[in-house]
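Q: Provided below for reference: sequence and predicted model.
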Amino acid sequence: MARTKVIEALSCTEYGKSVVVKGWVRTRRGNKNVSFIALNDGSTIKNLQIVVDFSKISEDSIKDVTTGACICATGTLVQSQGAGQSVEMQADSIEVYGPADATYPLQKKGHTMEYLREIAHLRPRTNTFGAVLRLRHNMAYAIHTFFHNKGYYYFHTPLITASDCEGAGQMFQVTTLDLNRIAAGNGPVDYSKDFFGKPTSLTVSGQLEGELGATALGAIYTFGPTFRAENSNTPRHLAEFWMIEPEIAFMDKEELMDLEEEFVKYCVKWALDNCADDLAFLNQMIDKGLVERLKAVADTEFVRLPYTEGIKILEEAVKNGKKFEYPVYWGCDLASEHERFLVEEHFKRPVIMTDYPKEIKAFYMKQNTDGKTVQGTDVLFPQIGEIIGGSVREENYDKLYARIKELNIPMKDMDWYLDTRKYGSCPHAGFGLGFERLMLFVTGMQNIRDVIPFPRTPNNAEF
């Protein structure tokens, strides 16, 4: 008989139907006549209750059915007499595939998120992480669906690169050279003997290569891992994370803001429409305001706010007694506390901030005619701060060349990028969304290490 998933069994109304279910035991309880097993197979947050009547199955034969054990149960689906479920299984036979003894770390009790990070190889079996990982799948599917339906092409950009997209220099070096031998020697490293014949690193962004795709295919998006060697131990930073980066030819700033708003609303609505059980669990156990906040974002028009206006609002708040850890002035790079004040306290809805000072933004952003600001379009969200960073890209060769020189970016790494401004250049725009930032928002989790299966952070590359 083919296996029936728990999610299918729980929605079945064919009482009396024989089924086979397989999964992991969450709990087992009972008395001298009967035992109740809560079985979960990852297909849903909910468990299937399996009733074992000791007049049919001996108690001794299920002694290894303990919390964490993997079992196969064959039996009949019946209408449940107990509260909390409409259907349960009356077991005819139970086979233990893999026992779990008393040292199994996930016994029925509360565990801290810190402890669960130490056992990241087992935490997907908890209710919380099962919900998070199902939501993560759904968000990835929603992203691909959104862009596919708009006619964008999924474009694969390299993970190993010789250029630094952001110009920040916080990159992980990739090498096949013997580092011990280099450390013991003197003099400069001879990169001609390295695998690629030059210094290379893991990418911080696929944007620059994505622009090349947009200027050929019209509209593309990337969705892949990116890496930042930033020694930052905060609840908002990872060394390895996933980025979604659409790039679109012939798009201006207003159209870009429309796209950013439409995209994040689509993802949030997808979660509400397709992940109701998992969201209800997270709303109850992790963040009581989660579902309400998601609905508010999905149904609200975003504010569009020039940076200069935002600074005025923040300065006025300081005058009226608002305390910020970081100072506010025109030209400052807004901290998360400033962004969250605008979103959560002042406007009480998401904000798309535009026209930032060029000094605090990347070299590729299109400059405004005032010579001071660039056409950046960052989406700021409640609880998160910046969730999307976007801009119109500078398509003028001379202006882009001058900005690269001004910032002392090595020209040898930029020749290929500048070529696109020499041969058939066009207006174009795009944005980057950190996937884990989106996951923080849709799950209500408080730490970015808890929305990716195996977090990579300073001094931590376990599992």
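A: Noted; the coordinates are in hand.
Q: From here on, just use CA atoms for contacts and neighbour counts.
A: OK.
Q: where's Leu39 relative to Met1, distance?
A: Counting by C-alpha to C-alpha, to the nearest Å, the separation of Leu39 from Met1 is 19 Å.
Q: Repeat that for Met445.
A: For Met445, the distance to Met1 - C-alpha to C-alpha - is 40 Å.
Q: just Leu133 next, same as before
A: When C-alpha to C-alpha is applied, the distance between Leu133 and Met1 equals 29 Å.
Q: And the two? Which one has more around it.
A: Leu133 (20 against 7; other C-alpha atoms under 10 Å).
Q: That one should be in a helix, yeah?
A: Yes: checked against DSSP: H, G, I helix; E, B strand; the rest coil, Leu133 lies within a helix.
Q: and Met139, how many neighbours does it have?
A: Met139 has 23 nearby residues by other C-alpha under 10 Å.
Q: Next: Ala140.
A: By other C-alpha under 10 Å, 16 other residues sit near Ala140.
Q: let's number from 707 now, not from 1
A: Sure thing, new numbering starts at 707, so read that last one as Ala846.
Q: Distance check, it against Trp976.
A: From Ala846 to Trp976 the distance is 11 Å (C-alpha to C-alpha).
Q: Overlap in contacts, these two.
A: Shared contacts of Ala846 and Trp976, defined by C-alpha atoms under 8 Å, 6 or more residues apart in numbering, are absent.
Q: show me what contacts Gly903?
A: So, once contact is read as C-alpha under 8 Å, 6+ apart, Gly903 ends up touching Tyr897.
Q: Distance check, it against Lys1029.
A: The value you get for Gly903 to Lys1029, if C-alpha to C-alpha is used, is 52 Å.
Q: before we move on, what SS does Asp979 have?
A: Following three-state DSSP, we place Asp979 in the helix state.
Q: Got the confidence number for it?
A: Looking at Asp979, its pLDDT is 98.
Q: so how far is Val997 from it?
A: Taking C-alpha to C-alpha, one finds Asp979 at 11 Å from Val997.
Q: now Asn886
A: 53 Å.
Q: One more: Phe987?
A: 10 Å.
Q: now do Leu978
A: Leu978 is 8 Å from Val997, by C-alpha to C-alpha.
Q: Now for the two: what residues contact both?
A: Leu985.
Q: Tell me where the model's unsure across the stretch 707-856 of the chain.
A: Applying pLDDT under 70 to the stretch 707-856 of the chain picks out no residues at all.
Q: So which residues of the stretch 907-1056 of the chain form strands?
A: 925-933, 946-955, 1009-1012 (DSSP state E, counting those that start in this stretch).
Q: With distance to Ala779 added, can I get these in TSV?
A: Listed next are these as TSV, based on distance: least, C-alpha to C-alpha, whole Å:
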stretch	distance to Ala779
strand 925-933	39
strand 946-955	38
strand 1009-1012	54
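Q: Could you dump the ones you listed into JSON lines and include mean neighbour count?
A: Listed next are these as JSON lines, based on neighbours: other C-alpha atoms under 10 Å:
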{"stretch": "strand 925-933", "mean neighbour count": "23"}
{"stretch": "strand 946-955", "mean neighbour count": "24"}
{"stretch": "strand 1009-1012", "mean neighbour count": "16"}
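Q: and Asp1039, which of those strands is closest to it?
A: Of all the strands of the stretch 907-1056 of the chain, it is strand 1009-1012 that lies closest to Asp1039, at 13.8 Å by C-alpha to C-alpha.
Q: Of all the strands of the stretch 907-1056 of the chain, which one comes closest to Ala1167?
A: Ranking the strands of the stretch 907-1056 of the chain by their distance to Ala1167 (criterion: C-alpha to C-alpha) puts strand 946-955 first, at 10.1 Å.
Q: what's the offset of that closest one from the middle of its chain?
A: Mean C-alpha position of strand 946-955 versus that of the full chain (C-alpha atoms, centre = their mean, to the nearest Å) differs by 12 Å.
Q: In the protein, which residue is most central in space?
A: Glu1142 (2.2 Å; C-alpha atoms, centre = their mean).
Q: Spell out the secondary structure type for that residue.
A: Glu1142 - assigned by three-state DSSP - is helix.
Q: if I look at it, how far off is Pro1159?
A: 11 Å.
Q: ditto for Ser1131
A: 41 Å.
Q: which other residues reach stretch 731-741?
A: So stretch 731-741 is contacted by 742-746, 753, 757-761, 771-777, 814 (C-alpha under 8 Å, 6+ apart).
Q: All set, thanks.
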